[in-house]
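Participant: Kindly return the folded structure for what I paste below:
(one chain, ligands or ions: 1)
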Amino acid sequence: MPTQLNQVPEALQSDFDIVGDSGFFADPQQLFLDSLVKDPRDIVYTPHNGGHWLITSHELAREVLSNAELFGSFPIGIPANMEQRPRLIPLESDANEHRRYRRLLLPIFEPTAVARLQTGAEALAAEVLDEVLPTGEFDFLWKVAKPISMGLFVRQLGLEPERLDEFYAWETGFYRAPTMEERIACGEKIGGYLFEVVTQHVDHPKDDIVDMLLNVDVEGEKLSLEEVHAICYLLFLASIDTVATMLSFIIRHLARDSALFNSLKADRSKIADSVDEFMRMHAFINLNRICEQDTEFHGVQFRAGDNIVIPSFVTDRDERTFADPDTFNPDRSKKERNQHHAFGAGAHKCIGLHVAKMEVRVVLEAFFDRVASLELVSEDAVTGHGGTTMGLDTIPVKVVLG
Ligand code: HEM
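Facilitator: All right, here's what the predicted structure looks like:
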């Protein structure tokens with residue numbers, strides 16, 4: 001029986017609502033800074049969203065993420081979606097299966113394979129920016145970030161680009177529809193559609209990631225049709241919106257810091273190193289793990305079935321791990337720079353991180369090639385949301401070309 005609020009010592013109780021707090025609408029990052037980052041406690045329990053723990057210390061979060069046996073990854077979500085089917089592969093698979101999947105998937109996501117995707121990313125970034133930037137004022141999320149990142153995603157999976165709006169609605173509904181029934185219905189739409197896509201690929205190969213998955217052969221080991229389907233399901237959820245979300249936080253950062261904008265524009269060689277620092281400062285996934293058995297964790301009693309939530313934005317602002325964490329510093333030591341939780345940590349660390357970093361770098365480079373100055377139309381016009389993946393919903397900007 002998972003923990004109930006009345007079993008939690010008062011000193012560990014919190015009223016934080018990671019999905020519904022109205023502060024997320026105004027600014028998700030500011031809400032985290034004002035609430036959880038400032039909270040000196042490393043572990044708290046909130047009764048909202050099915051009741052869950054929140055871990056805000058970077059070191060303790062890493063301990064949880066590194067212990068897949070005690071802190072399992074099924075089911076993912078806040079609240080945890082117990083009805084989720086099929087299991088997301090590899091994210092929700094157990095330790096032995098997971099090692100097999102990572103071995104089979106690694107060749108598809110390794111840096112050399114990702115380099116082959118770069119030409120397509122550069123071409124789409126140029127096409128979108130050349131169309132949108134001359135208008136001078138636009139919503140960066142909807143006009144630039146989503147068309148580029150979702151456009152690349154549909155090409156990589158061989159999906160129909162004209163259905164992008166529908167895909168986005170399914171993904172948003174999966175994570176954030178008001179009721180669990182609606183979330184499950186969205187999951188079923190994604191699963192049903194991807195099943196058709198995978199089946200069609202069997203008869204009509206398309207030279208994309210689905211094909212690569214169908215043809216995986218590592219020392220004679222292959223993936224079944226059902227496994228390819230479940231992997232595509234996770235890729236859909238893991239990548240349709242993530243790069244766009246990251247880009248929108250980075251552009252807001254640059255619009256607020258013209259000195260940084262100018263220095264990166266003047267010296268493009270700094271962009272690659274800056275990408276990880278941007279990732280650290282704008283981590284947006286609220287990771288979760290399910291406690292597999294009753295256990296005492298740093299003096300706190302966790303029970304089997306407890307949902308343990310790790311807000312990566314908060315752990316990545318932990319000053320015990322990152323010196324001066326609220327300052328953008330691309331010159332951090334390599335060790336410090338690479339230990340952020342934007343891509344998670346431990347066995348399930350994002351397998352698509354090289355794809356994500358390449359896409360972010362390509363869009364930033366293309367943006368700096370074309371834009372002389374950038375500002376927000378107004379701070380108040382930027383809105384956002386909380387949940388399993390927090391993000392911005394609108395970010396109107398003004399640019400001057402040059
Ligand atoms: C900025 C963009 C991205 C961010 C911030 C991000 C973040 C994450 C995080 C935090 C996890 C770990 C989840 C957990 O442990 O519960 C993860 C896992 C994963 N991501 Fe990403 N991701 C991004 C882009 C992508 C892309 C573009 C792809 C695919 C092309 C991808 C594929 C995956 C997969 C397959 C997993 C599961 C890995 C496993 O369980 O072993 N991600 N991602």
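
Participant: where in this protein is pLDDT low?
Facilitator: Scanning the chain for pLDDT under 70 picks out the ranges 82-86.

Participant: Sticking with the nearest residue to Glu160 once chain neighbours are set aside, tell me its helix or strand.
Facilitator: Computed as C-beta to C-beta, 6 or more residues apart in numbering, the closest residue to Glu160 that is not its neighbour in sequence is Val154, at 7.1 Å. Bear in mind the C-beta positions are built from the backbone N, C-alpha and C, glycine included. In this assignment (DSSP states H and E), Val154 forms part of helix 146-157.

Participant: And that helix, what does it pack against?
Facilitator: If contacts are counted by 3 or more C-beta pairs under 8 Å, 6 or more residues apart in numbering; DSSP states H and E, helix 146-157 sits against helix 111-132, helix 164-176, helix 209-214, helix 225-239, helix 242-256, helix 353-370.

Participant: Contact residues of the protein facing the ligand?
Facilitator: 73, 76, 90-91, 102, 234-235, 238-239, 242-243, 246, 285, 287, 342-344, 348, 350-352, 355-356 (C-beta under 6 Å from any ligand atom).

Participant: State which one residue of the stretch 1-150 of the chain is found closest to the ligand.
Facilitator: Across the stretch 1-150 of the chain, the shortest distance to the ligand (C-beta to the nearest ligand atom) belongs to Leu91, at 3.7 Å.

Participant: Sorry, slip of the keys, the one I care about is the chain.
Facilitator: The nearest approach of the chain to the ligand comes at Gly352, 2.1 Å away (C-beta to the nearest ligand atom).

Participant: Pull the contacting residues for the residue of the stretch 1-150 of the chain closest to the ligand.
Facilitator: By C-beta atoms under 8 Å, 6 or more residues apart in numbering, the residues touching Leu91 are 73, 76, 234, 238, 348.

Participant: By neighbours, which of those residues wins?
Facilitator: Counting neighbours by other C-beta atoms under 10 Å, Ser73 leads these with 24 neighbours.

Participant: Relative to Ser312, how far out is it?
Facilitator: 15 Å (C-beta to C-beta, to the nearest Å).

Participant: Likewise for Asp39?
Facilitator: According to C-beta to C-beta, Asp39 stands 16 Å off from Ser312.

Participant: Which one's more surrounded, the two?
Facilitator: Neighbours per residue, other C-beta under 10 Å: of Asp39 and Ser312, the larger number sits with Ser312, 25 against 14.

Participant: which residue packs closest to Ser14, ignoring adjacent ones?
Facilitator: Leaving aside its chain neighbours, Ser14 sits nearest to Val44 (3.9 Å; criterion: C-beta to C-beta, 6+ apart).

Participant: so that neighbour touches Glu10, yeah?
Facilitator: No. Judged on C-beta atoms under 8 Å, Val44 makes no contact with Glu10 at a distance of 11.1 Å.

Participant: between these two, who's got more neighbours?
Facilitator: When Val44 and Glu10 are compared for neighbours, Val44 comes out ahead with 20 against 5, by other C-beta under 10 Å.

Participant: Beta-bridge partners for that one, please?
Facilitator: Leu54 (DSSP bridges).

Participant: How about the contacts made by it?
Facilitator: So Val44 contacts 12-14, 16, 53-54, 56 (C-beta under 8 Å, 6+ apart).

Participant: Please apply the same query to Ile78.
Facilitator: So Ile78 contacts 18-19, 49-50, 52, 286, 288, 307, 309, 387-388 (C-beta under 8 Å, 6+ apart).

Participant: Which ones among those residues map onto strands?
Facilitator: 52, 286, 288, 307, 309 (DSSP state E).

Participant: Tell me which residues touch the last one, please.
Facilitator: Residues counted as contacts of Val309 (C-beta under 8 Å, 6+ apart) are 18, 52-55, 78, 286-288.

Participant: now the first one
Facilitator: Under the criterion of C-beta under 8 Å, 6+ apart, the contact list for His52 reads 45-46, 78-80, 288, 306-309.

Participant: swap the cut-off to 6 Å and go again
Facilitator: The neighbours of His52, taking C-beta atoms under 6 Å, 6 or more residues apart in numbering as the test, are 307, 309.

Participant: now do Val377
Facilitator: 396, 398.

Participant: Same question for Thr242.
Facilitator: Taking C-beta under 6 Å, 6+ apart, we find Thr242 in contact with no residue.

Participant: switch to 10 Å and redo it
Facilitator: Residues in contact with Thr242, defined by C-beta atoms under 10 Å, 6 or more residues apart in numbering, are 149, 153, 284-285, 342-343, 350, 352, 355-356, 359, 389, 391.

Participant: how deep is Ser263 tucked in, by neighbour count?
Facilitator: 13.
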